[in-house]
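Asker: model the structure of this input:
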Amino acid sequence: MNKKVMLVAAVLLSMLLTAACSNDQADPPAETPPAVVGNEGADEKDPSAEESSTEPIQEDKESTANTDVKPIGEPAAVGDTVDYHGAVITLNSVRDSEGDEYLKPQAGHTFKVVELTVKNNGQEPLVISSALSFSLTDSSDLNYTVPITDDVKMLDGTVAPGGELKGEIPYEVKQGVQGLQLSYGDPMKEGRAIWTVE
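Answerer: Below is the predicted model:
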């Protein structure tokens, strides 16, 4: 009797594992491009209307071609844009700051303030946290923290699909530090967007 129970348990466990593994398929990508609909009945349309409808598309193609968007794995520079799974992020500028009247950097340190623009090209709202989404490291992999100061407009908020958010993030770093890199990532997505900050 004991052998029969063990055999039944083994068969049930095998079936359960097989069912679980067969349902472990990747979901289709959430950001699929819209389907192109054929030009049925194009002969009946007014040619001038057709021309006007193609002009904005050509302008969009030209503006996209002029914008150099870097892939996730490639290090970018100040002024470059990286598309991170639908979050299109541009590192606009980097400046040094001595803080405000309430918070100053330690002696021998400065605040590196990075200005960023985040555009949400995804289908879902995008939550941006300057302290959790971004990090600044140096050549020795030292991770710098974000101080709270009134000197900057922090890059924090929720970006609706198609929306844009612009703001700054300050980091207190040693003066003359080398190899600074800013990175953005989401723990639920692959890779990180990286910019060289000099």
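
Asker: quick one: contacts for the nearest residue to residue 185 once chain neighbours are set aside?
Answerer: In space, and not counting its chain neighbours, residue 185 is closest to residue 192: 3.9 Å by CB to CB, 6 or more residues apart in numbering. Where C-beta positions appear, they are placed from N, C-alpha and C, glycine not excepted. Contacts of residue 192 were listed using CB atoms under 8 Å, 6 or more residues apart in numbering, and they are 72, 84, 183-185.

Asker: which of those fall within strands?
Answerer: Secondary structure from DSSP state E places 84, 183-184 of the contacts of residue 192 in strands.

Asker: ok, of the residues you listed, which one's closest to residue 144?
Answerer: residue 183 (11.6 Å; CB to CB).

Asker: roughly how far apart are the closest residue to residue 191 other than its chain neighbours and residue 119?
Answerer: Of all residues not flanking residue 191 in the chain, residue 72 sits nearest, at 4.3 Å (CB to CB, 6+ apart). Going from residue 72 to residue 119 by CB to CB, to the nearest Å gives 16 Å.

Asker: where exactly do the strands run in the chain?
Answerer: Using DSSP E, the strands of the chain run over 69-70, 81-84, 87-97, 109-120, 126-128, 134-137, 143-144, 157-159, 164-174, 181-184, 193-196.

Asker: quick check: buried residues in the fourth one?
Answerer: If I follow you right, that is strand 109-120. 109-116, 118-120 (16 or more other CB atoms under 10 Å).

Asker: could you check the angle it makes with strand 164-174?
Answerer: Using axes from the mean of the first three to the mean of the last three CA atoms, to 10 degrees, the direction of strand 109-120 lies 160 degrees away from that of strand 164-174.

Asker: would you mind writing the CA trace of strand 109-120 as PDB?
Answerer: Only the C-alpha atoms of strand 109-120 are listed here, as PDB (Å, rounded to 0.1, in the frame of the first residue of the first chain):
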ATOM      1  CA  HIS A 109      33.300  68.200  -1.400                       C
ATOM      2  CA  THR A 110      30.800  69.700  -3.900                       C
ATOM      3  CA  PHE A 111      27.300  69.000  -5.000                       C
ATOM      4  CA  LYS A 112      27.200  67.600  -8.500                       C
ATOM      5  CA  VAL A 113      23.700  68.500  -9.800                       C
ATOM      6  CA  VAL A 114      22.500  66.500 -12.800                       C
ATOM      7  CA  GLU A 115      19.500  67.900 -14.800                       C
ATOM      8  CA  LEU A 116      17.400  65.300 -16.600                       C
ATOM      9  CA  THR A 117      14.300  65.000 -18.700                       C
ATOM     10  CA  VAL A 118      12.200  61.800 -18.600                       C
ATOM     11  CA  LYS A 119       9.600  61.100 -21.300                       C
ATOM     12  CA  ASN A 120       7.200  58.200 -20.900                       C
END
